[in-house]
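Participant: turn this into a model:
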Amino acid sequence: MSEPDPQELGAEVVSGVLSSGGDDTQEMTKAKYTNLCRELNMDHQTEKEGYQMYYEVSQRCSMEGESLHWLCCALYAACRRSNTPTVIGQDAVVRGNCVSLNNLLRCCQMSIYDFKTKIKQWCDMANLPQEFVNEIEVLDRKFSITFTLYKRFRTIFDKIFTCPPNEKKHSKYISLHTNYAHGKCSYIKLDDMCWRLFLCAKNQKPSTTVDLVTSFNLMICCIDLIYNNVLAEKRTDLINSKFEGLPSNWTELDYRQQQHCILAHFCDMTDEARAMKATTFREIMASFFQASTVYGNKDSMLGLLTKENFERNLKSLNVSYEQYVLSVGEFDERILSAYDAGDHTGLNDQALRPPVTPLTRKQDLPAQTALPGDKFEPVLNATNNVKQLTAFGPLTEPTEFVKQAGEEVIAKLLTIIGDIKQKFLAKYPSPEAKSRFRLAKSFYFYLLDQILKAEIRNKPDVENKRLLVQKISLDIFNITLMGCCVELVLEAYKTELKFPWVLDCFSISPFEFQKIIEIVVRHGSHGCLNRSLIKHLNSIEETCLERLAWSRDSAVWDIFASAGQPLPSSYDVNQDRTAGALQIFLRKVYLLGWLRIQKLCSELGLCEPDRIWHIFEHAITHETDLMKDRHLDQNIMCAIYIYIRVKRMEDPKFSDIMRAYRNQPQAVNSVYREVLIGINDDGEPKVKDIIYFYNNKYVPMIRKFAIDHLNVTPDVSGCRIRTSDLLLSPHPKERAAQPKKVTQNHSLYVTQMPKNEIQQSPNQMVYRFYHSPAKDLQLMNEKVRGGKRMLSFGDEQPAFLETKRAKRDLPTVPAEGGVVRRSGGEHET
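Facilitator: Sure thing, here's the model as predicted:
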């Protein structure tokens, strides 16, 4: 096999996901744009800037799809650059030029989904400022949250209210443009008013209602208020008589309305919702009454639906919301009330989606909780996450066990926590900040107790107090642990503060932060952290390992410099029993790289992932600077492609690798669109796409090793041996799944058992599914539950089980304080 020439290893030049567009000529495109601007009554300056932006991008990028959609993105970006004077004051302006985004999309015949997809690509192609990119991310997230809430709104509203027989329940677009001459409140208008009240309320205090859980509580407060107003007006025709929360005498003629709270019927966190109703929601409504946004009795908040107030309240809420939407350039979320969320699948895609499952530590995730219809319910998931953490709310100080370290050590610990709190409150100016930190601190005290108890169990020869003092005195340990607890609270509430915000807030190095995550998962996975939160921790650990820890200002480079080159290989770090911080970090990096290489090779049909792994490992150990300010996945994709070129394979192409990469849970398009090439004279990073990086940076540094490694030469015995095999370490192996605790009340665990393995243990009890009699299972249940029968069925097998009888036996070996083993693998959801 002859050695490839350098040019043979080069990658084809592609334009990422963009390719040649339609057949529009420049004149046709300009005519489309001009007609669009006339229809929108666009001002001349914004029109000019929008087309100039489109023209410049079209000269360097070919855009696939409808040109009008790209013109829409250019025009929206130009609109957001401008400011419009208002009548509030001489110098008062609002951001944007008051062009409705929904109107822009309607004129361009563009769906919300297409806009959200293309505007993100446009930000990359037009090199728009980071401030604008952040605005788009907020726009995307806020709409996803609102749509998620609207789906719950529909369910709850229809449980409480009903459409009278003489009204049509649908055709809701009419309400956006209706004549407000009729004073009586109809079902459709009641629906509209309730939804608009919520939209205006959440925008009244955006710093308070930015997370999913708080926004849901606010929405329930709005529904609760409208419900009480309907009862006060004795509109029994609008009330669903099957609603369980109705007062017993609500249909009687002499019924006198009293405030009747229904929060408990729909909120899992009733206390938090009631607190919002008594404080934040009342403040919002007081401001509405004062500004004449709504009319009625400001003390009781009733009278909103009377004949003299209803129509003007609906109209006023619409006007107030329209002013807000035009000033901030967001989607007009009133449009949601025009759709039936159960039928409109296009919009259903806009709801918050379940968290992705990272590739690492999948085997240690708790079992998936069964949901009705196997559907992910974002609000329920978020409230369950918060409830998991609020269970530790009573812990307001270190436990008695931790206090054994002594008053001086505890005083220092509390000082550190106080400093962290001040940093958090300064960076998170929200009325909810104190309660969020209080919750994080309670969980911190719990984890600190668990971690220190485990340390003492693992080091029985060390005096307890000495070990406690040693651990608690480590400032970085306490800061990273507290930071991890804050991150969990922010994630549980689904706030807009996304990782790595917490690292910036507390000045934590990503290299230091990744150390604490596995410890938190280990001690938090037994009952206090659910599957969703553990997934999140695994995901942010991968973010540290793949990107953040490799930034040029990371502490890891000083450690590398001290260790010298080459860095320890996968074999070195997996065999080292006395592994330090560097070895543990590299062990995690190698495993993460191997799992991703395996998955990509599987999708691409490449049968030698080990060969690619060795190229990747060489880049880490010998050409470490290839990772500086770059992403692990960039080096993985390049390792795959140089393997393909050295082996002189026709396929897959680099574009195929990028396409397969987009199927990975952590994939983002910026990984292959923006790769560091160097630093400009002004100190700013110079970035190009991954093809440029591969051709100009990666190949010159890896070419020789890749050729030597993949070169096949016969030895004297005639066997084909790769000479580099003798020098290479095997790929990492994923740690076996840890036993999972079945119940918190007993030392009973379940672990996966290799096939054909039957272990014996003293006093064992075995139950073989579909073979053993029911009494054997009953005895096991009585052993575990102390005599209480868990499962109830007779010796006879139901018919449907007979038809699905398993072909294999599933031996289980439980014992007191023992293990239940199950043969076969687990299905990951």
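
Participant: can you give me phi and psi for residue 675?
Facilitator: phi -120, psi 130 (degrees, to the nearest 10).

Participant: helices along the stretch 401-550 of the chain, start to end?
Facilitator: 407-427, 433-458, 464-472, 475-492, 501-506, 510-524, 531-546 (DSSP state H, counting those that start in this stretch).

Participant: let me fix that: the stretch 551-700 of the chain
Facilitator: For the stretch 551-700 of the chain, the helices defined by DSSP H, counting those that start in this stretch occupy 556-563, 570-575, 581-604, 609-622, 632-646, 654-661, 670-673, 690-693, 699-710.

Participant: identify the residues contacting residue 488.
Facilitator: By Cβ atoms under 8 Å, 6 or more residues apart in numbering, residue 488 lies in contact with 389, 440, 443, 529, 533, 536-537. Bear in mind the C-beta positions are built from the backbone N, C-alpha and C, glycine included.

Participant: tally of neighbours for residue 602?
Facilitator: Number of residues near residue 602 (other Cβ atoms under 10 Å) recorded here: 12.

Participant: nope, residue 354 is what I meant
Facilitator: For residue 354, using other Cβ under 10 Å, the count is 13.

Participant: who's in contact with it?
Facilitator: 376, 378, 381, 532.

Participant: the third one contacts residue 532, correct?
Facilitator: Put plainly, it is residue 381. Yes - applying Cβ atoms under 8 Å as the test, residue 381 and residue 532 come out as touching, 5.7 Å apart.

Participant: one step back: what's the least confident stretch among the helices of the stretch 401-550 of the chain?
Facilitator: Confidence, taken as mean pLDDT, is least for helix 464-472 of the helices of the stretch 401-550 of the chain (a mean of 88).

Participant: what helices or strands is that one leaning on?
Facilitator: Secondary-structure packing of helix 464-472 (3 or more Cβ pairs under 8 Å, 6 or more residues apart in numbering; DSSP states H and E): helix 407-427, helix 433-458.

Participant: contacts for the first one next, please.
Facilitator: Residues outside helix 407-427 that contact it (Cβ under 8 Å, 6+ apart) are 398, 402-403, 433-434, 437, 441, 444, 468-469, 472-473, 475, 478-479, 482-483, 486, 504-506.

Participant: show me which positions of it end up buried.
Facilitator: Buried residues in helix 407-427, counted by 16 or more other Cβ atoms under 10 Å: 409-410, 412-413, 417, 420-421, 424.

Participant: ok, stretch 119-127 next?
Facilitator: 119-126.

Participant: also stretch 156-163?
Facilitator: Within stretch 156-163, the residues that qualify as buried are 156-157, 159-163, counting by 16+ other Cβ under 10 Å.

Participant: just to revisit the earlier point, closest to residue 196 among the buried residues of stretch 119-127?
Facilitator: Using Cβ to Cβ, residue 119 comes nearest to residue 196 of these, at 26.1 Å.

Participant: doesn't the closest one belong to a helix?
Facilitator: Yes - per DSSP: H, G, I helix; E, B strand; the rest coil, residue 119 lies within a helix segment.

Participant: enumerate every residue touching residue 273.
Facilitator: By Cβ under 8 Å, 6+ apart, the contact set of residue 273 is 217, 220-221, 263, 267.

Participant: the helix or strand where it lies to helix 433-458, inter-axis angle?
Facilitator: Under the criterion of DSSP states H and E, residue 273 resides in helix 270-278. Between helix 270-278 and helix 433-458, the angle comes out at 160 degrees (axes from the mean of the first three to the mean of the last three Cα atoms, to 10 degrees).

Participant: list the buried ones in helix 270-278?
Facilitator: Neighbour counts over helix 270-278 (16+ other Cβ under 10 Å) mark 272-274, 276-277 as buried.

Participant: in TSV, list those residues along with pLDDT and distance to residue 517.
Facilitator: Below are the buried residues of helix 270-278 laid out as TSV (pLDDT from 0 to 100; distance: Cβ to Cβ, whole Å):
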residue	pLDDT	distance to residue 517
272	88	28
273	90	32
274	92	35
276	91	32
277	93	37
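
Participant: dump the residues you listed to TSV, plus distance to residue 113.
Facilitator: Putting the buried residues of helix 270-278 into TSV (distance: Cβ to Cβ, whole Å) gives the following:
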residue	distance to residue 113
272	33
273	32
274	37
276	32
277	35
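
Participant: pLDDT at the closest residue to residue 42 other than its chain neighbours, what is it?
Facilitator: Nearest non-adjacent residue to residue 42, counting by Cβ to Cβ, 6 or more residues apart in numbering: residue 99, 6.9 Å away. Note on residue 99: pLDDT of 81.

Participant: host element of residue 99?
Facilitator: Going by DSSP H and E, residue 99 is not part of any helix or strand.

Participant: could you report the neighbour count for it?
Facilitator: Counted with other Cβ under 10 Å, residue 99 comes out at 23.

Participant: which phi and psi does it have?
Facilitator: Torsion angles, degrees, to the nearest 10, at residue 99: phi -100, psi 120.

Participant: that one contacts residue 43, doesn't it?
Facilitator: No - shown here, residue 99 and residue 43 do not form a contact pair, counting by Cβ under 8 Å, at 9.0 Å.

Participant: residue ranges with poor pLDDT in the stretch 101-250 of the chain?
Facilitator: Applying pLDDT under 70 to the stretch 101-250 of the chain flags residues 169-183, 207-209.

Participant: need the helices for it, in chain order.
Facilitator: With DSSP H, counting those that start in this stretch as the criterion, the stretch 101-250 of the chain has helices at 101-107, 112-125, 130-160, 187-204, 212-232.

Participant: okay, the angle between the third one and helix 112-125?
Facilitator: Looking back up the chat, that one is helix 130-160. Counting by the same axes, to 10 degrees, helix 130-160 points 170 degrees away from the direction of helix 112-125.

Participant: and the closest residue in space to residue 508 that isn't next to it in sequence, what does it touch?
Facilitator: Closest residue to residue 508 apart from its sequence neighbours, by Cβ to Cβ, 6+ apart: residue 483 at 5.3 Å. Contact analysis of residue 483 by Cβ under 8 Å, 6+ apart lists 420, 502-503, 505-506, 508, 513, 516.
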